[in-house]
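Chemist: Generate coordinates for the sequence data below:
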Amino acid sequence: MTTFHERCQDDRDSQAHRQAVHEYHDNIVNACIRAAEATIPHAKRRGRAGWKRHAEPQKKNAILWNRIWKESGSPSTGIIHGIRKKTRAEYRRASRWVVRNEEKLKADKMTDTLHSRDFWTEIQRMQRKHTSTTTEMDGERGEDAIRELFVGKYEELYNSVPYDREEMGDILTTLNSRVNEQCKQGKCYDDHKVSVGEVHKAIRSLKHS
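Modeler: Now for the predicted structure:
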């Protein structure tokens, strides 16, 4: 500490002095951070949805150019100063965009998990605490009554998309014919099976109404 103080007194206005001050500051901050991480208990914070893809690259780039800027003596003008300023601005814009669109990014992530059959895993991860099972819903009491209520709601939901009855009848006739002529005759090649990806594709093609 005495040696650093003597250097400050002897050479306060030089570039080497300013660089030494920056390094000394960074060493103190890093020592405090390492001490806190080693001694203070903490839980790992779950990242925001979309952060790794939309903001993390800009953050790393901003950190890189901030370090280069410091190593270059923290210039207030010039190319390095301009790049540092630009990368910091890009990171701030990206981080604000992720925060504003967090709910949409969560929904997109849940949609993507349909391909990997991980939908319910993602639902459970989004729940921050355990909640007890409800015993009443919309005036219905008990598991059986609530189950029937959900059956009715989902039936109404799945039949709410408009369609051409004649066209749907032709499709049903064709399917029944294929089942009788192929599946029941041992000539089925799994063409009647519907994959998760096909369901996802069909949902995306529905018209908004």
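
Chemist: Where does the record place the domain boundaries for the protein?
Modeler: 1-42, 48-112, 113-121+138-205 (automatic domain parsing).

Chemist: got any ranges where this structure has weak pLDDT?
Modeler: Scanning the chain for pLDDT under 70 picks out 1-14, 42-47, 110-134, 137, 157-163, 188-195, 205-209.

Chemist: mind listing the helices for it?
Modeler: Under the criterion DSSP state H, helices of the chain are mapped to 2-10, 15-39, 51-54, 56-71, 79-100, 102-112, 119-126, 143-158, 165-181, 196-205.

Chemist: export these to CSV and tack on mean neighbour count?
Modeler: Backbone N, C-alpha and C define where each C-beta goes, glycine included. Compiled in CSV, those are given as follows (neighbours: other CB atoms under 10 Å):
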stretch, mean neighbour count
helix 2-10, 10
helix 15-39, 11
helix 51-54, 14
helix 56-71, 16
helix 79-100, 15
helix 102-112, 14
helix 119-126, 12
helix 143-158, 11
helix 165-181, 10
helix 196-205, 10
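
Chemist: May I see those helices organised as TSV, with distance to T135 added?
Modeler: Below are the helices of the chain laid out as TSV (distance: least, CB to CB, whole Å):
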stretch	distance to T135
helix 2-10	69
helix 15-39	45
helix 51-54	38
helix 56-71	44
helix 79-100	38
helix 102-112	28
helix 119-126	22
helix 143-158	8
helix 165-181	39
helix 196-205	33
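
Chemist: of all those, which lies closest to K187?
Modeler: Closest to K187 of those, according to CB to CB: helix 165-181, at 7.6 Å.

Chemist: pull the CA atoms of the closest one into PDB?
Modeler: What follows is helix 165-181 as a C-alpha-only set of coordinates in PDB (Å, rounded to 0.1, in the frame of the first residue of the first chain):
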ATOM      1  CA  ARG A 165     -69.100 -29.800 -42.600                       C
ATOM      2  CA  GLU A 166     -69.200 -31.300 -46.100                       C
ATOM      3  CA  GLU A 167     -65.400 -31.300 -46.400                       C
ATOM      4  CA  MET A 168     -65.100 -32.700 -42.900                       C
ATOM      5  CA  GLY A 169     -67.600 -35.500 -43.800                       C
ATOM      6  CA  ASP A 170     -65.500 -36.400 -46.900                       C
ATOM      7  CA  ILE A 171     -62.300 -36.600 -44.700                       C
ATOM      8  CA  LEU A 172     -64.100 -38.800 -42.200                       C
ATOM      9  CA  THR A 173     -65.400 -41.100 -44.900                       C
ATOM     10  CA  THR A 174     -61.900 -41.400 -46.400                       C
ATOM     11  CA  LEU A 175     -60.300 -42.200 -43.100                       C
ATOM     12  CA  ASN A 176     -62.900 -44.800 -42.300                       C
ATOM     13  CA  SER A 177     -62.400 -46.400 -45.700                       C
ATOM     14  CA  ARG A 178     -58.600 -46.600 -45.200                       C
ATOM     15  CA  VAL A 179     -59.000 -48.100 -41.700                       C
ATOM     16  CA  ASN A 180     -61.300 -50.800 -43.100                       C
ATOM     17  CA  GLU A 181     -59.300 -51.500 -46.200                       C
END
